[in-house]
Each structure stands twice: as structure tokens, then as C-alpha cells.
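[1] build me a model:
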Amino acid sequence: MKKVRSLILAGLLAMAPATVMSPMALAQENVAAAAPAADNAAISTESPDNATAPAAEAAPAAKVAAPPRMKPTEGIGMPKPGEITLQEQFTSTGHTARWLHDKMLLPLITIISVFVLLLMLYVMVRYRRSANPVPSKTSHNTVIEVVWTLVPVLILLVIAIPSIGLLADQYKPAPKDALTVKVTGYQWYWGYEYPDNGIPEFVSNMLPEDKAKENGEPYLLAPDNRLVLPVGRPVKLIITGADVIHSFAVPSLWVKMDAVPGRLNEKSFTIEKPGVYYGQCSELCGARHGFMPIAIEALPPAQFDQWVQSQGGTLKGAAAEKTAEAAAATAEKKI
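    From the prediction side, this is the model:
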């Protein structure tokens, strides 16, 4: 009997820990089961914000409409019938060049030409054979020789001073904040690229005559896609050629630069007034050289920014601002 009792007590003692641990195990299982539920509840309470954030990020930005195509003004930025002087200018170097041409060179050339013509006529009449049967034996005249040496030197100095200043202004480096546009000459069209704004290259071909007339533009000067630039902002053109030598020329902006394959030429300027300014390739480049028109559409800064966005580009400095905003938002979330 003692052995039976001892066996029964040993069995009860062996079962006691299991019976004591089972409620604890059940409690732990309940806690473990409740934890995922709480996590799911927490996730569900946060899910509206988290769900809207990716949706907001995935939502495409609203497309910006391009400004309407600007109509050209008759006689502005294009040649005029019967015009004998330079086109009206819309850059600072253009104003200087036109002043030098109209106010200095043309008067000097006219005065010198008339003076030489009158002097020749006087000599022909005064010293003709019938009036001078015995020719003069004068060998020289010191005063006259000094005069005709010094006067041309002074005239050349007067012309040289503003001319050197104009040359220096034409090749002055562009400021750091200038808008950079790459211009490439092809046979027989132009390509334009805006690296500062992320706008890839697009090409510009001449419009057919009927389409040009429909748009109210001069035939042979009107392309389908214009080079769009801002007014009042410095512009830097990087000009090159893809096949043969071309020349990018817009007379009313005093712009002319050769487009040479394998070389990058730079031209900088600032347009003063909104408008459409026409030009052409000015270097013989093949069979269709005369069918490579250029049209620069100068827009006010706000409209130019609108055009950049309509082409899928970014405004200069906008990318840096977006990066700073994203970094600030990330820092706030961590805090």
C-alpha cells in the first residue's frame, strides 16, 4: 500500500506543474494573438494617411498649357522692302552697331567719297591741257603731304575706338545665370536643346508657303518650331554643326556665329523687347542652304517659364528647391 500511495503522490506531483503552467501558456497565447491584431489595428488607423501619400506621389502633375504662338509684327525682326540701312536692333550690341553704321561710317564714307569726286573734277578742269600748255614741274608739297597723312590717321582712330569696344562687347563671356541653349545646324534644318531646363533637342524646319501665309508669317523665314527665349534675361547659345559648316544669323539681334562640326562656339546676348525675330543660315551649306530659316520668339519671363513647363521641362533652380523640400520633409518624419 505504501508503494501504491507513493506512486500516486509522485504522479500528482508530476502533473501539478503542467496544470499550473497551462493557464500561463494560454495567457501568453492570447497576448501573442492579440499583438498582431493590435498591430493590424494600428496599421489600419494609419492606413488612410499612408494610402493617400503614395497616391499623391503617383498622381501626375497637371500639364501646363503652352502660351499662344506669337504673331510677328510687320517690319520688326524682319527685312523691310526698300530698306538701305541695318534692321532695327533689339540688343545692346545691336544698338551700338547701328549707331556706328548710321551716325559715323555712312557720313564719313559719304563725305570722303564726295570730296574725292569733287577734287578729281577740279583737277580735270583746272589742269587740262588747253588751260596748261606747259605742265607744272612741282615735285612735292610738304604741307599737303602732312595733311593727307595725318587726316586719314585721325579718321581711322575715330572709327577704331568705338569699333574695338563693339568687338569686345560681342565676345564678352555670358554671366553665370545666363540661360544656356544648344543650337545645332543640320543639312538643312536647325536643332535646339535646353540643357538648363531638361528639354531635349527638337528640330525646326521651314514651313510650306501656304502654311506660312496662313500663320501671317513671311515665307522662307518661317519655321514650324521656333527658338523660344526670355526677354530681359541673358542668353548663352552654344552653336555647333553636325555635318558641314553653317552659320546662325539673326540680323535684328546682332547675332551671327558659325556652326562648325566638332567645335562649340558661344554667343551671348539679352533681348530687350518681346517679339518674333527672323534669320537664316548665312553660310553656303548645300543644295537647300536657302531653306534654313530661324525664328526666335522672345517672351516675357512669366510666359517663358510657362512654355518651359508646357514642354515638360523644369525651371532653373526648381530641382534644387524640390530636393531641399524633400530633405526637410524626411527630417520632420524622423523627428
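
[2] for the protein, what are the low-confidence residue spans?
    For the chain, the stretches flagged by pLDDT under 70 are 1-62, 317-335.

[3] how is the chain partitioned into domains?
    77-127+147-172, 179-314 (automatic domain parsing).

[4] most tightly surrounded among these?
    Neighbour counts (mean count of other CB atoms under 10 Å) averaged over each of those peak at domain 179-314, with a mean of 18. Every residue, glycine included, has its C-beta placed from N, CA and C.

[5] what residues are up against the closest residue to P223 other than its chain neighbours?
    For P223, ignoring the flanking residues on the chain, the nearest one in space by CB to CB, 6 or more residues apart in numbering is S204 at 4.3 Å. S204 is in contact with Y189, W190, G191, Y192, P223, D224, N225, R226, L227, P293, I294, A295, counting by CB atoms under 8 Å, 6 or more residues apart in numbering.

[6] beta partners of the first one?
    In this entry, Y189 is beta-bridged to Y186, by DSSP bridges.

[7] from I294, how far out is it?
    According to CB to CB, to the nearest Å, Y189 and I294 sit 10 Å apart.

[8] same question for the fourth one.
    Counting by CB to CB, the gap between Y192 and I294 amounts to 10 Å.

[9] shared neighbours of those two, anything?
    Common contacts of Y192 and I294, defined by CB under 8 Å, 6+ apart, comprise S204, L227.

[10] so which of the domains of the chain comes closest to A65?
    A65 sits nearest to domain 179-314 of all these, at 6.1 Å, using CB to CB.

[11] would you list every one of the helices in the chain?
    2-58, 92-99, 106-126, 142-170, 209-214, 301-310, 318-334 (DSSP state H).

[12] out of everything not next to it in sequence, what's closest to L105?
    Leaving aside its chain neighbours, L105 sits nearest to I159 (7.1 Å; criterion: CB to CB, 6+ apart).

[13] contact partners for the one you found?
    I159 makes contact with M104, L105, L108, according to CB under 8 Å, 6+ apart.

[14] so how far is V276 from the closest residue to D243 other than its chain neighbours?
    Spatial nearest neighbour of D243, excluding adjacent residues (CB to CB, 6+ apart): Q187 at 5.2 Å. To V276, Q187 is 25 Å away according to CB to CB.
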